[in-house]
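Visitor: Provide a 3D model corresponding to the input given below.
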Amino acid sequence: MSIFDSLLSAVGSNVDINQIAERTGIDPATVQQAVGALAQAHGQDGDTVDTASAQTGLDPDTLSQIVGHLGGEGVLGQIASGISQNPQLVEGVLGGQSGGLGGLLGGFLNRE
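Guide: Sure thing, here's the model as predicted:
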């Protein structure tokens with residue numbers, strides 16, 4: 001289980017990043033970034049997938065598949081809510097990282 005899987009599990013989600021990566025044909029690190037971007041975009045104005053696509057450069061169809069594999073917008077909202085309510089989880093897992101997933105989730109939590 002990856003650190004990100006542990007983070008998702010801690011916020012109450014049964015998301016398997018490796019399984020989603022296998023189903024979508026992209027690497028797990030990219031799926032992690034996509035989930036982070038989708039969680040961040042979920043609470044913003046506009047379409048969640050389009051916003052995450054602009055942020056990550058991933059194709060909207062791929063991001064839509066990821067949302068589907070997560071369990072839909074409802075589960076994505078739970079992930080976003082859980083992460084925002086438990087910033088210590090992100091701090092503990094990501095520490096001082098400034099790029100990749102750390103940057104995405106750091107932006108989600110309004111930290112740099």
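Visitor: ok, residues contacting stretch 49-63?
Guide: 24, 26, 30, 33-34, 37-38, 40-41, 44, 64, 67, 104 (C-beta atoms under 8 Å, 6 or more residues apart in numbering). All C-beta spots, glycine's among them, are computed from the backbone N, C-alpha and C.
Visitor: Relative to Gly74, which of those is nearest.
Guide: Comparing the contacts of stretch 49-63 against Gly74 with C-beta to C-beta places Val67 closest, at 10.2 Å.
Visitor: Find the helix or strand that Gln19 is a member of.
Guide: helix 17-24 (DSSP states H and E).
Visitor: just checking, what packs against that helix?
Guide: helix 3-10, helix 28-42, helix 60-70 (3 or more C-beta pairs under 8 Å, 6 or more residues apart in numbering; DSSP states H and E).
Visitor: Now render these as CSV, adding mean neighbour count and distance to Asp50.
Guide: Shown next, in CSV, are the helices and strands packed on helix 17-24 (neighbours: other C-beta atoms under 10 Å; distance: least, C-beta to C-beta, whole Å):
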stretch, mean neighbour count, distance to Asp50
helix 3-10, 18, 23
helix 28-42, 24, 8
helix 60-70, 18, 6
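Visitor: Tell me which of those sits nearest to Asn18.
Guide: Nearest of the helices and strands packed on helix 17-24 (C-beta to C-beta): helix 28-42, 5.4 Å.
Visitor: by how many degrees do the next helix or strand after that closest one and helix 60-70 diverge?
Guide: Downstream of helix 28-42, the first helix or strand assigned by DSSP H and E is helix 48-56. Counting by axes from the mean of the first three to the mean of the last three C-alpha atoms, to 10 degrees, helix 48-56 lies at 120 degrees to helix 60-70.
Visitor: Show me which residues of helix 48-56 are buried.
Guide: Thr48, Val49, Thr51, Ala52, Ser53, Gln55, Thr56 (16 or more other C-beta atoms under 10 Å).
Visitor: on that earlier part again, would you mind saying which of the helices and strands packed on helix 17-24 lies nearest Gln85?
Guide: Of all these, helix 3-10 sits nearest to Gln85, with 11.0 Å by C-beta to C-beta.
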